[in-house]
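In: coords please:
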Amino acid sequence: MREIDVLIIGGGPAGLAAAIAAKEAGVDNLLILEREDKLGGILKQCIHNGFGLQMFGEELTGPEYAQRFMDRVEELKIPYQCGTMVLSVSPEKVVTAINPVEGLEQFQAKAIVLAMGCRERPRGALGIPGWRCAGIYSAGTAQRFVNLEGFMPGKKVVILGSGDIGLIMARRMTFEGCEVKACVELMPYSSGLKRNIVQCLDDYNIPLMLNHTVVDIAGRERLEGVTIAEVDENRKPIPGSEQYIECDTLLLSVGLIPENELSLSAGVQLGRSTQGPVVDETLATNVDGIFAAGNVLHVHDLVDFVSQEAARAGACAAAYVQGKGAHSSEAVPVEEGFGVNGCVPQLIHPAELKEPVKFMFRPRNVYKGARICVDIDGEEVLRGKPHMIMAPGEMAAIEVAPELFAGRDTIGKVTVRLEVRA
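Out: Next comes the predicted model:
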């Protein structure tokens with residue numbers, strides 16, 4: 001069994017940033033485990049630009065963004081092991097993995113950073129009737145086929161869901177000569193970034209059909225078409241609103257789910273709204289010495305935020321190994337108030353805060369003129385500036401200074417909420 005001070009599971013943008021931060025904090029005995037053959041994670045297939053505006057102040061493609069972190073990993077001589085599938089993580093921080101060269105391996109870690117990312121919600125989670133015919137793919141799978149492997153999934157395309165990957169693939173398939181018939185969204189708003197709606201749908205006259213869903217799939221061997229219908233306020237199809245669209249490909253962009261199997265095997269508590277680990281302001285989970293960051297914690301909209309968050313996790317994991325990360329006070333729960341969904345962190349230690357704590361979440365709905373407010377035990381202590389518009393497709397954040405918690409003997413809870421003008 002190999003002994004490792006900081007073990008990072010995942011070699012995507014979160015894992016790379018965490019490893020770099022841990023190394024720069026003084027940890028030399030660290031290791032990245034990555035199940036694919038190369039580092040970089042999902043960014044390898046994201047050949048469009050738009051990455052890096054927050055981190056580097058310039059637009060980069062996904063591979064360019066990942067390469068900057070990979071170059072830094074090589075420069076710092078951070079060890080990594082690709083082609084390695086982690087099978088389990090125990091509460092005692094024993095990691096079991098398998099590699100085609102090394103075989104079955106075990107690592108005893110002093111600290112672990114969970115950075116496994118997320119996966120796409122499959123067709124089976126949707127309950128769409130119809131045959132299990134060829135031509136139905138998740139948007140990310142289609143992206144890999146086109147951008148990395150040189151295969152075209154089809155020529156006449158319908159996209160179900162308006163997540164960012166689906167929107168980007170609408171444009172990508174159009175570039176490749178496909179006819180994208182429509183992007184169909186169950187909700188009354190898109191779940192993707194506004195810029196992607198404009199640049200990927202509007203610029204190519206691809207209709208975004210809100211309050212619609214696929215209710216039937218035609219074709220036994222190969223997809224022949226889909227039937228879509230309008231839905232009511234309860235998201236139930238409205239009889240008589242059905243329309244048939246001929247197509248040979250259906251791409252699913254219906255949400256992302258954190259890869260939480262390893263988190264569960266380690267005994268990590270998961271949040272109900274994020275479906276990822278419950279963490280405090282240091283990104284530490286309920287299991288001593290295990291940290292989480294990136295899309296395995298909560299699904300982000302920008303990879304820049306993933307890198308920033310993971311760098312903090314790596315630095316905090318390094319501090320834990322160096323004996324500087326112990327908490328001296330009880331954690332205070334952070335509750336989600338009106339309009340707030342998936343707030344992270346879910347716990348804080350107010351008495352130990354030395355720098356502002358950043359709460360990140362997604363709005364539950366589309367709100368105009370909303371303010372982010374923070375309450376301590378029901379008393380408002382912070383009121384943000386009004387936002388012109390807030391939507392579930394874009395993350396919102398507010399920073400709370402340590403001074404706002406000073407002078408309070410006991411704190412029962414902190415609430416993050418939205419205040420919407422009448």
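In: buried ones in stretch 210-223?
Out: Of the residues in stretch 210-223, those buried under the neighbour-count criterion (16 or more other CB atoms under 10 Å) are Leu210, Asn211, His212, Thr213, Val214, Val215, Ile217, Ala218, Gly219, Leu223. The way it works is simple: take the backbone N, C-alpha and C, and place the C-beta from them, glycine included.
In: Of those residues, just say which sits nearest to Val400.
Out: Of all the buried residues of stretch 210-223, the one sitting nearest Val400 is Leu210; the distance, using CB to CB, is 34.7 Å.
In: For the stretch 251-400 of the chain, which segments count as strands?
Out: Using DSSP state E, counting those that start in this stretch, the strands assigned to the stretch 251-400 of the chain run over residues 256-258, 290-292, 332-336, 340-344, 347-348, 357-363, 367-376, 379-383, 387-390, 396-400.
In: helices or strands next to the first one in the packing?
Out: Taking 3 or more CB pairs under 8 Å, 6 or more residues apart in numbering; DSSP states H and E as the contact definition, the neighbouring helices and strands of strand 256-258 are strand 118-120.
In: strands paired with the strand it packs on, and their directions?
Out: Based on DSSP bridges, the pairing partners of strand 118-120 within the sheet are strand 256-258 (antiparallel).
In: any idea of the mean pLDDT in the partner strand?
Out: Per-residue pLDDT values across strand 256-258 average out to 94.
In: neighbouring contacts of it?
Out: Residues from elsewhere that reach strand 256-258, judged by CB atoms under 8 Å, 6 or more residues apart in numbering: 116-121, 163, 274-276, 295-299.
In: ok, and the most crowded of these?
Out: Top of the contacts of strand 256-258 by neighbour number is Leu297, holding 35 neighbours under the definition other CB atoms under 10 Å.
In: In contact with that residue, which residues?
Out: Shown in contact with Leu297 (CB under 8 Å, 6+ apart): Leu114, Pro258, Thr274, Gly276, Pro277, Val279, Leu283, Glu309, Val344.
In: And Asp232, by the same measure?
Out: Contacts of Asp232 by CB under 8 Å, 6+ apart are Ile238.
In: before we move on, what about Ser162?
Out: So Ser162 contacts Cys183, Glu185, Ser190, Ser191, Gly192, Ile197, Leu208, Ser253 (CB under 8 Å, 6+ apart).
In: switch to 7 Å and redo it
Out: Cys183, Glu185, Ser190, Ser191, Gly192, Leu208, Ser253 (CB atoms under 7 Å, 6 or more residues apart in numbering).
In: mind checking how far it is from Thr213?
Out: 12 Å (CB to CB, to the nearest Å).
In: do the same with Ala370
Out: Ala370 is 28 Å from Thr213, where distance means CB to CB.
In: quick one on the thing from earlier: check the contacts of Leu297 against Val27 and report the nearest one.
Out: In terms of CB to CB, no member of the contacts of Leu297 lies closer to Val27 than Leu283, at 15.8 Å.
In: Without its sequence neighbours, what residue ends up closest to the closest one?
Out: Ala313 (4.2 Å; CB to CB, 6 or more residues apart in numbering).
In: Domain parsing of this structure, as residue ranges.
Out: When the chain is parsed into structural domains using automatic domain parsing, the resulting residue ranges are 1-120+256-326, 122-254, 329-422.
In: ok, and which of these has the densest surroundings?
Out: Burial among these, expressed as mean neighbours by mean count of other CB atoms under 10 Å, is greatest for domain 1-120+256-326, which shows a mean of 20.
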